[in-house]
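Chemist: any chance you could fold what I've pasted below:
(chains A and B)
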Amino acid sequence: MGFHIDHICFSYEERKVLNDISLLLDPGHFYGIVGPNGCGKTTFIDLLMGHRRITSGSILYKGKNIASYSRKALAKEISLVPQNFYINFPFNAREIVMMGRYPYIPRFSPPSAEDIQVADEIMMKTGTKKFEDRYMTEMSGGERQRVIFARALAQDTPVLMLDEATSNLDISHTLNLLDIVADKVKQKGNTVIAVIQDINLAATYCDRMIFMKQGGIAAYGDTDEVLTEETIKTVFNVSSKVYSEPYSNSKKVAFIRE
Amino acid sequence: MKKIKQRNKGTGYLGSAWGAQTFFLFITLCIVIIVSTGMGYISISSADVLKIITAKLTGKNAFLSGMDALFPVVVMDVRLPRILTAAIVGGGLALSGCVFQGILLNPLADPYTLGVSAGAAFGASIALLINFSFIGSYSVPLFAFTGATITLLFVLYLSSSSGGVSSNNLILSGIIVASILTAGLSFLKYLADEHVSVIVFWLMGSFGSRTWGDVGITLLFVMIGFSISLFFSRDLNLLAMGDRTASSLGVEARRVMLMMLITASLVAAVCVSVSGIIGFVGLLVPHMMRSLTGPDNRRLIPASLLCGAILLLCADTITRAVLPHEIPIGVLTALIGGPFFCYIFRQKQMGKTSV
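Modeler: Below you'll find the predicted structure:
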């Protein structure tokens, strides 16, 4: 079950982006992917989603090769909150969230009562209901990101990919959204795979962490074990102090000016 | 604010407001077709036009009794082919513009963005220059269509990379290829010498002396294009959010994008090859319609098709029957459409509309 990633490589044109990655991602965990800019985190997510095809190796999802799934079938398994997006057309928030239900609605049918209910619930939970009538083109970056996040939640898939999904959000919305997905991991055994720049935020939510460097895995394991000063030094080449913090009941990383 | 509320009432796609709008546009189109058929050098009443069409459709010549014997000929052989061609081309250009704007994520794209018009113009000019008439009156359209298709394929080739095609690359490649072809076109005009007027007139577009054959060909292509576009219209909504997101929501992003590009370009190519280059319809109509139907392509595409048909037919009727001298339709659409576009663009800058 989950993802079985076996010696995968990926090259873009002539450039090798990912090099020989092997991992087992079990369901029911909140994974954090951390690493320097340009180390291949987004590409890695694209490969897991089947959006790009690996150059060599294999990715099995639920025991079947990811390439053998149809796009439609995958849309009911894996959803994505992308890192950056631009939208030039005046869809309103509600229409966008409803797009998350498209995989369940036949091409020319109106949404069912259930689809409408799911969308409503998600919009209440994410606090996007109050601007459901507003156009995406007229929202602030943070509001837009929340709508896109709500859209991915409406898709209601066992696996959720977050690609720096909270980078534009204030702390209260960040905690709100991550709490929603963390609950799903705990209660329904869903899987979240999140690229997160903020190591402390990752340490608060993720029970497992994947440190990437130059297209490979630098460290992988339970957050408590793998999040160490040495790992931070190897991956980011900065000095830090890692300690257990009782208030949040998680590990924290403190940095000093160099 | 009223408009926003309306749109949300029908959370589904076949909201009642949408149905009423489409029905209204369709009825308007029918009325415009009948009224414009009666207009011209010989004025025919709408009732007579209806009678003649019914007679031809049902084969009952009783409807024609007591009417000038010339009327049926004028309507069936002269006016209707031209009028229907104008309407179908208008619908085709608007449809194509709608799809281009959706795929290129750019509300300023139009059917000609990828150089389709330049390719068609170049092809047609070659046919006109060498006076190619091997297959009669279809020679120029055929050359135009071939030119447009080759241009499209070259632009796609130029802009594709291992990661598929990106909208920026497409627009850039389109501009580059179009400017090369424009230079080539100038050279052809230079070579044509005193023959140049034929090329110039073809380029400015005209619906004069269209036949039922033209009606049939354009109708076939536009209807096929319309069906394909409508079928994938929901996928087009998702593509507007980027190919990664579309992909995660179950769309074969690259395949749908390529197929829609080719469909829209071929529709545009057929339109250009029967009528010459008619600008602004493909740019303007989807813009206008988006403020009526919202950006959902399932509603926008049918509305644009109908509105494009109505507008281009009106423009053609103005130049054919209202103005003392017929002016090229491409010139007229640019003269009306250009300033109108400036107006709505300015409205947008002032924040009055969200389109």
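Chemist: so where do the helices sit in chain A?
Modeler: A:41-49, A:71-75, A:93-99, A:113-126, A:141-154, A:171-188, A:199-205, A:223-226, A:229-236 (DSSP state H).
Chemist: residue in the stretch 1-150 of chain A nearest to chain B?
Modeler: Closest contact between the stretch 1-150 of chain A and chain B, by CB to the nearest CB, is at A:Pro110 (2.5 Å). C-beta coordinates here come from the backbone N, C-alpha and C atoms, glycine included.
Chemist: could you do the stretch 151-258 of chain A as well?
Modeler: A:Gln155 (7.1 Å).
Chemist: ok, that residue - contacts?
Modeler: With contact taken as CB atoms under 8 Å, 6 or more residues apart in numbering or on different chains, A:Gln155 is in contact with A:75-76, A:79, A:100-101, A:103, B:248-249.
Chemist: name the member of those residues with the most neighbours.
Modeler: Within the contacts of A:Gln155, most neighbours by other CB atoms under 10 Å in any protein chain shown means B:Ser248, with 32 neighbours.
Chemist: tell me which other helices or strands the top helix by length along chain B touches.
Modeler: Among the segments of chain B that qualify as a helix by DSSP H, the longest is helix B:167-192. The contact analysis (3 or more CB pairs under 8 Å, 6 or more residues apart in numbering or on different chains; DSSP states H and E) places helix B:167-192 against helix B:116-129, helix B:139-159, helix B:196-204.
Chemist: so which of those helices is the most packed in?
Modeler: helix B:116-129 (a mean of 26; mean count of other CB atoms under 10 Å in any protein chain shown).
Chemist: below-threshold pLDDT in chain B: ranges please.
Modeler: Across chain B, the ranges flagged by pLDDT under 70 are B:1-16, B:132-134, B:136, B:162-164, B:351-355.
Chemist: quick one: the strands in it?
Modeler: For chain B, the strands defined by DSSP state E occupy B:160-161, B:164-165.
Chemist: closest one to B:Leu114 among these?
Modeler: Across the strands of chain B, the minimum distance to B:Leu114, taken as CB to CB, is reached by strand B:164-165, at 10.6 Å.
Chemist: from the strands of chain B, which stretch is densest packed?
Modeler: The most buried one of those (mean count of other CB under 10 Å) is strand B:164-165, showing a mean of 18.
Chemist: number of residues surrounding the closest residue to chain A within the stretch 101-250 of chain B?
Modeler: Going by CB to the nearest CB, chain A is nearest to B:Gly250 of the stretch 101-250 of chain B, at 3.2 Å. Using other CB under 10 Å, B:Gly250 has 20 neighbouring residues.
Chemist: check the one 4 residues further on too.
Modeler: The burial metric for B:Arg254, expressed as a neighbour count using other CB under 10 Å, is 16.
Chemist: check what pLDDT A:Ser109 gets.
Modeler: With respect to pLDDT, A:Ser109 has a value of 85.
Chemist: mind checking how far it is from B:Thr211?
Modeler: 41 Å (CB to CB, to the nearest Å).
Chemist: of those two, who's got more company?
Modeler: Taking neighbours as other CB under 10 Å, A:Ser109 and B:Thr211 compare with B:Thr211 leading, 15 against 12.
Chemist: farthest residue from the center of chain B?
Modeler: B:Gly66 (38.7 Å; CA atoms, centre = their mean).
Chemist: now B:Leu181. Nearest residue, chain neighbours left out?
Modeler: B:Ala118 (3.9 Å; CB to CB, 6 or more residues apart in numbering or on different chains).
Chemist: ok, now which ones touch that neighbour?
Modeler: Contact analysis of B:Ala118 by CB under 8 Å, 6+ apart lists B:112, B:151, B:177-178, B:181-182, B:185.
Chemist: my guess is B:Val285 meets B:Ala94, correct?
Modeler: Yes - at 3.8 Å, B:Val285 counts as touching B:Ala94 under the criterion of CB atoms under 8 Å.
Chemist: who has more neighbours, those two?
Modeler: Of the pair B:Val285 and B:Ala94, B:Ala94 is the one with more neighbours under other CB under 10 Å, namely 33 against 30.
Chemist: ok, and the closest non-adjacent residue to that one?
Modeler: Here the residue nearest B:Ala94, using CB to CB, 6+ apart, is B:Gly308, at 2.5 Å.
Chemist: tell me how many other residues surround the one you found.
Modeler: 32.
Chemist: distance check, it against B:Leu95.
Modeler: Separation of B:Gly308 from B:Leu95 (CB to CB) stands at 7 Å.
Chemist: and the stretch 151-300 of chain B, which of its residues are near chain A?
Modeler: For the stretch 151-300 of chain B, the contact set with chain A under CB under 8 Å from any CB of the partner chain comprises B:161-163, B:231, B:234, B:237-238, B:240-245, B:247-253, B:290, B:294-296, B:298.
Chemist: what sits against the closest residue to A:Ser112 other than its chain neighbours?
Modeler: Closest residue in space to A:Ser112, ignoring its immediate chain neighbours: A:Ile105 at 7.2 Å, by CB to CB, 6+ apart. Contact partners of A:Ile105, counting by CB under 8 Å, 6+ apart, are A:111-112, A:115.
Chemist: got those as a markdown table, with neighbour count columns?
Modeler: Shown next, in a markdown table, are the contacts of A:Ile105 (neighbours: other CB atoms under 10 Å in any protein chain shown):
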| residue | neighbour count |
| --- | --- |
| A:Pro111 | 18 |
| A:Ser112 | 14 |
| A:Asp115 | 20 |
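Chemist: ok, of these, which one's closest to A:Tyr69?
Modeler: Among those, and counting by CB to CB, the member closest to A:Tyr69 is A:Asp115, at 22.6 Å.
Chemist: pLDDT below threshold where in the stretch 1-150 of chain A?
Modeler: For the stretch 1-150 of chain A, no range has pLDDT under 70.
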